[in-house]
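Novice: 3D model of this:
(2 chains)
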Number of protein chains: 2
Amino acid sequence: MKLPSGFQCAAGRAGIKQSGKPDVALITALTPAAWALTVTTNRVKAACVTRNLEQLHSHHPIRAIIINSGNANCATGAAGARTNTQLAQLAATRLDVTDNEVITASTGVIGHQLSLEGIKSTLPTLTLSDDCDAAAEAILTTDLVTKTAGVNLPNGASIVGFAKGSGMIHPNMATMLAFVMTDAAISQERLRELWREIVNQSFNQITVDGDTSTNDMAVVLSSGHIDADEDALRRGLLAVCQQLAQKIARDGEGANKLITVNVIGAETDVDARRAAKAIVRSPLVKSAAHGNDPNWGRILSAIGQEGVDADYNALTITVQGELLFAGKPLEFDAEHVSHKMNHSDLRIDVDLKHGNGQGQAWGCDLSAQYVHINADYHT
Amino acid sequence: MKLPSGFQCAAGRAGIKQSGKPDVALITALTPAAWALTVTTNRVKAACVTRNLEQLHSHHPIRAIIINSGNANCATGAAGARTNTQLAQLAATRLDVTDNEVITASTGVIGHQLSLEGIKSTLPTLTLSDDCDAAAEAILTTDLVTKTAGVNLPNGASIVGFAKGSGMIHPNMATMLAFVMTDAAISQERLRELWREIVNQSFNQITVDGDTSTNDMAVVLSSGHIDADEDALRRGLLAVCQQLAQKIARDGEGANKLITVNVIGAETDVDARRAAKAIVRSPLVKSAAHGNDPNWGRILSAIGQEGVDADYNALTITVQGELLFAGKPLEFDAEHVSHKMNHSDLRIDVDLKHGNGQGQAWGCDLSAQYVHINADYHT
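Specialist: Residues are numbered from 1 along each chain as shown, chains lettered A, B, ... in the order given. As a prediction, the model looks like this:
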């Protein structure tokens, strides 16, 4: 996928992955870029997360992101922090920018020191291009597919993003990473406000198993090369991030289907998002989705468990367009609904009958394969 | 198991379960009993939960509990509430007590009206005895084993309890129910204070899948027949409830092992319990337990995700007595630890190195069988 103007990417093999697959990627902005970042809420944070937050708080623009896969450089202590700083320095040298203009991202196994030898020798050989596909591939770990998304804005500006995450998690804990670039102009301050809002409606609304990694991060960069309407930019960013979020959920470990939950009638949008996420997070709902079981009781219980304000005597639950519950159980043809659920896209609609708040969340079914993937992996 | 003095139980078949297994149980106190109750935090509450809370808040003693399995009488509207009241009335008539002296508990499928015909005809035929085993069996749903526990106190008093719950949940949502009886004397007010403390250290510290049912309840009754030391009573209640909690966790759907997590060094006991429960709730930890994978990274991440205060650069993680992490990854023989994990009892010890708070939680491994049970069930 072609990058917005002002950006280039590169990718290569640094020997971090035992498989020999690509494991290092570079993103560079040809001029200083406005940026915003959200990171994991986990109290255990990898060195890259900690250092990036420091850069974020100094408010200067950045020029580059270097990403390695195969090793999360987490729980590696002071030595790991030094390695992370050196990783940024290697990218800065390669791109002729200052260290502080580079942020880093690592994903993979934790508790192992990351060797930089391979990256050091590979970096000078990498070719920068205006396409992000090789970089999108190099950041993957247990993902089965690369995840990219893009939209064109009026005036010729565009937004392109790529992400990884086989769910929010992967064996031995890895990570959701997302990198979004645009040439639409926006102030850094405004971009940061916007980014929080957009991440809350996209990446923060996906769940595979409720586990939050130590290395999660989502970054947006603006080269500012093209004037753009802020509302168009906002809608474009939301579209790109929701597409990436859905691609991550669909590629959840062992997943066979993408579950989309749409909640309306909540007191607030925040309540609607809470209810939607509670539904898509419930192992009972996820198991029922896997087995094509039109089990509205589990959906109702998930909402009640989250404690969301609703009119529980009136709320409606619809699965694949079939109304199953409206304040009381309705008669329905279970075999017919089950047949409609046997699809790679499953849609659950809930009207809480309590207000005008609305929100969505995305997840995947829980399969026996999930357990096999996560039980049979050894450090 | 023989009941404490002042209590009798009975059980029978009312035709609610299609299998024809016992599905109705009675507990009666021969004189008005002091009692305490905790119920589900789910916003969707079954009729029995709502009515019992009303009785609780009127502070009068009670004489009986009637329990049916096979139908949760939940999401059944006003008709279901009337049925629940009639259920209490049937027990009151059988035992010659007032309606308000009877509380109720239902467990099983939801969204179906409960027919009382079978209970009505069966109740007069039931024989009360001073043994609880038949009642303990009659309250089961998908449980594989009955769950009883008892301790003797000084002075000849005793505590006996029985419980059900194949995990916190079961297909189409059922329930954790626990009933504990003692003849040790205690004021109702003090019993209620004590009960909250004890439930927080036992039933509230088990998790199979994080889902909370609409019908969960734990009840304690005191006939007050024998004077007792309050501290001995407290310790006895805690022992009985923790045993029942462990039996529920061990019988979790698809479970092969009981996981016990012991946390010390927290700022407070509440923090320790939060950390312990976060570990035992994590699908990644549960999958690793299933696969005998000594994956300390998932344990560390679960603590961090819960946001518990700890010295993350010093905390220790021990699995089956093997120290795996102490502020940094330690060298260990993974095959040896994995071999020790291949046991029906798995113990995880964590020292947060941050204070004197301690707490425990219990859960079970996540097996492919869990998914099969919950995916292949149809309403």
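Novice: Can you read off the backbone torsions of the most centrally placed residue in chain A?
Specialist: In chain A, the residue lying closest to the centroid (CA atoms, centre = their mean) is residue A:203, at 4.5 Å. Backbone dihedrals for residue A:203, given as degrees, to the nearest 10, come out at phi -60, psi -30.
Novice: That one and residue A:217 touch, don't they?
Specialist: No: counting by CB atoms under 8 Å, residue A:203 does not reach residue A:217; the two are 9.7 Å apart. (Glycine included, C-beta is placed from N, CA and C.)
Novice: Tell me the residues that contact both of the two, please.
Specialist: A:38, A:176, A:178 (CB atoms under 8 Å, 6 or more residues apart in numbering or on different chains).
Novice: which of those residues lies closest to chain B?
Specialist: residue A:176 (13.3 Å; CB to the nearest CB).
Novice: what's the spacing between the closest residue to that closest one other than its chain neighbours and chain B?
Specialist: Nearest residue to residue A:176, sequence neighbours excluded (CB to CB, 6 or more residues apart in numbering or on different chains): residue A:165, at 3.5 Å. With distances taken as CB to the nearest CB, to the nearest Å, residue A:165 is found 14 Å from chain B.
Novice: same check, this time on residue A:44
Specialist: Distance from residue A:44 to chain B, by CB to the nearest CB: 3 Å.
Novice: ok, the residue nearest to the centre of chain A - contacts?
Specialist: A:38, A:176, A:178, A:218, A:241, A:244-245, A:248.
Novice: Could I get the phi/psi values of the nearest residue to residue A:152 once chain neighbours are set aside?
Specialist: Nearest non-adjacent residue to residue A:152, counting by CB to CB, 6+ apart: residue A:158, 5.0 Å away. Reported as degrees, to the nearest 10, the phi and psi values for residue A:158 are phi -150, psi 170.
Novice: can you tell me which residues contact residue A:66?
Specialist: A:24-26, A:87-88, A:90-91, A:102-105.
Novice: what's the helix or strand for it?
Specialist: strand A:62-71 (DSSP states H and E).
Novice: quick one: contacts of the helix or strand just after that strand?
Specialist: Next helix or strand after strand A:62-71 toward the C-terminus (DSSP H and E): helix A:77-95. With contact meaning CB under 8 Å, 6+ apart, helix A:77-95 is reached by A:26, A:28, A:46-48, A:50-51, A:63-66, A:68, A:73-74, A:76, A:98-99, A:101-104, A:106, A:113-114, A:116, A:119-120, A:123-124, A:126, B:313, B:327-328.
Novice: from the residues you listed, which ones fall inside strands?
Specialist: Residues of the contacts of helix A:77-95 located in strands (DSSP state E): A:26, A:28, A:63-66, A:68, A:102-104, A:106.
Novice: How about the closest residue to chain B within the stretch 151-300 of chain A, nearest residue that isn't a chain neighbour?
Specialist: Here the stretch 151-300 of chain A gets closest to chain B at one residue, residue A:291, 3.0 Å apart by CB to the nearest CB. In space, and not counting its chain neighbours, residue A:291 is closest to residue B:375: 3.0 Å by CB to CB, 6+ apart.
Novice: still on that earlier bit, which ones are touching the residue nearest to residue A:176?
Specialist: Contacts of residue A:165 by CB under 8 Å, 6+ apart are A:143, A:174-178, A:248, A:251.
Novice: among these, which one has the lowest pLDDT?
Specialist: Lowest pLDDT within the contacts of residue A:165 is found at residue A:174 (48).
Novice: Going by neighbour count, which of the contacts of residue A:66 comes out on top?
Specialist: residue A:105 (30 neighbours; other CB atoms under 10 Å in any protein chain shown).
Novice: how close does that residue get to residue A:220?
Specialist: Distance, residue A:105 to residue A:220, by CB to CB, to the nearest Å: 13 Å.
Novice: just residue A:344 next, same as before
Specialist: 29 Å.
Novice: what's the answer for residue A:162, then?
Specialist: On the measure of CB to CB, residue A:162 and residue A:220 end up 12 Å apart.
Novice: what about these two, which has more around it?
Specialist: residue A:162 (30 against 27).
Novice: Can you verify the more buried one is assigned to a strand?
Specialist: Yes: assessed with DSSP: H, G, I helix; E, B strand; the rest coil, residue A:162 lies in a strand.
Novice: give me the number of residues near the closest residue to it other than its chain neighbours?
Specialist: Nearest residue to residue A:162, sequence neighbours excluded (CB to CB, 6+ apart): residue A:136, at 3.7 Å. By the criterion of other CB under 10 Å, residue A:136 has 25 neighbours.
Novice: mean confidence for whichever strand or helix holds residue A:37?
Specialist: For residue A:37, the host element (DSSP H and E) is strand A:24-39. What strand A:24-39 shows for mean pLDDT is 97.
Novice: can you check stretch A:3-11 too?
Specialist: 98.
Novice: Next, the buried residues of stretch A:198-207.
Specialist: Of the residues in stretch A:198-207, A:198-199, A:201-207 count as buried by neighbour count, 16 or more other CB atoms under 10 Å in any protein chain shown.
Novice: Next: stretch A:336-356.
Specialist: Buried residues in stretch A:336-356 (16+ other CB under 10 Å): A:337-338, A:341, A:346-355.
Novice: Could you check the angle the lowest-mean-pLDDT helix or strand in chain A makes with helix B:368-375?
Specialist: For chain A, using mean pLDDT, DSSP states H and E, the weakest element among its helices and strands is helix A:368-375, scoring a mean of 75. Angle, helix A:368-375 to helix B:368-375, by axes from the mean of the first three to the mean of the last three CA atoms, to 10 degrees: 150 degrees.
Novice: tell me which element residue A:219 falls in.
Specialist: Going by DSSP H and E, residue A:219 is in strand A:217-226.
Novice: can you map out the helices along chain A?
Specialist: For chain A, applying DSSP state H gives helices covering A:47-57, A:77-95, A:117-122, A:133-138, A:188-200, A:230-250, A:269-281, A:283-290, A:296-306, A:334-341, A:368-375.
Novice: tell me, which of the ones you listed is the model least confident about?
Specialist: helix A:368-375 (a mean of 75).
Novice: I'd like the distance between the residue of chain A most remote from its centre and residue A:294.
Specialist: For chain A, the largest distance from the centre (CA atoms, centre = their mean) belongs to residue A:331, which lies 38.6 Å off. Distance from residue A:331 to residue A:294, counting by CB to CB: 12 Å.
Novice: Can you name the residues bridging to residue A:346?
Specialist: Counting by DSSP bridges, residue A:346 is bridged to residue A:259.
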